[in-house]
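Asks: Structure, please.
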Amino acid sequence: MLDEAQEAIAKGRPNIADGVILIDFDGVIAPFGHLFNFPEPLPGAIEALKAFQDAGMRVVIFTSRLSPIWLETVQQTPMQHINYINEYLGKYGFEPYAITAQKVPAIAYVDDNAYRYDNNWTEIVERILA
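Replies: Presented below is the predicted three-dimensional model:
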């Protein structure tokens, strides 16, 4: 157990993250702003999902659509959005490993609103507050 913990610390992530990639849905795979419509995916999105999957990775879709705050605001259920995302991706022959609103352990997170931290707080603050 100690060796496993030391290995995780050396990698900078827990071992359960190995082979997992989280990809945001709205604004990354599908254009933002369409609750239950089926707009064309963003260029290269489906091909990227399939490439990760073909490489043996577990592709997890994450979305704020499943957050309790969002669901309360729009007065909808998690299953409505899970079914929609599965149907949307299924139209393009892709089935995600999972769909979540949680930031689960992964080797990478692909999100249109993210900023990479690399000991650069000043740059991050300047970019966000600009």
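Asks: Tell me the spacing between the closest residue to P105 other than its chain neighbours and K11.
Replies: Distances taken as C-beta to C-beta, 6 or more residues apart in numbering place A17 nearest to P105, at 3.7 Å, with adjacent residues excluded. Bear in mind the C-beta positions are built from the backbone N, C-alpha and C, glycine included. With the distance defined as C-beta to C-beta, to the nearest Å, A17 ends up 8 Å from K11.
Asks: Was I right to think F52 contacts I46?
Replies: No - taking C-beta atoms under 8 Å as the definition, F52 is not a contact partner of I46, at 11.0 Å.
Asks: Send me the longest helix along the chain as PDB with only the CA atoms.
Replies: What stands out as the longest helix in the chain, according to DSSP state H, is helix 78-90. Below are the C-alpha coordinates for helix 78-90, written out as PDB (Å, rounded to 0.1, in the frame of the first residue of the first chain):
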ATOM      1  CA  PRO A  78     -30.200  14.100 -14.500                       C
ATOM      2  CA  MET A  79     -31.600  11.300 -16.700                       C
ATOM      3  CA  GLN A  80     -32.900  13.700 -19.300                       C
ATOM      4  CA  HIS A  81     -29.400  15.000 -19.800                       C
ATOM      5  CA  ILE A  82     -27.700  11.600 -19.600                       C
ATOM      6  CA  ASN A  83     -30.100  10.200 -22.200                       C
ATOM      7  CA  TYR A  84     -29.600  13.300 -24.400                       C
ATOM      8  CA  ILE A  85     -25.800  13.100 -24.300                       C
ATOM      9  CA  ASN A  86     -25.900   9.300 -24.900                       C
ATOM     10  CA  GLU A  87     -28.300   9.800 -27.900                       C
ATOM     11  CA  TYR A  88     -26.200  12.800 -29.200                       C
ATOM     12  CA  LEU A  89     -22.900  10.800 -29.100                       C
ATOM     13  CA  GLY A  90     -24.700   7.600 -30.300                       C
END
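Asks: Next up, phi/psi of R65, please.
Replies: Main-chain dihedrals, R65, degrees, to the nearest 10: phi -60, psi -20.
Asks: Cool, thanks, talk later.
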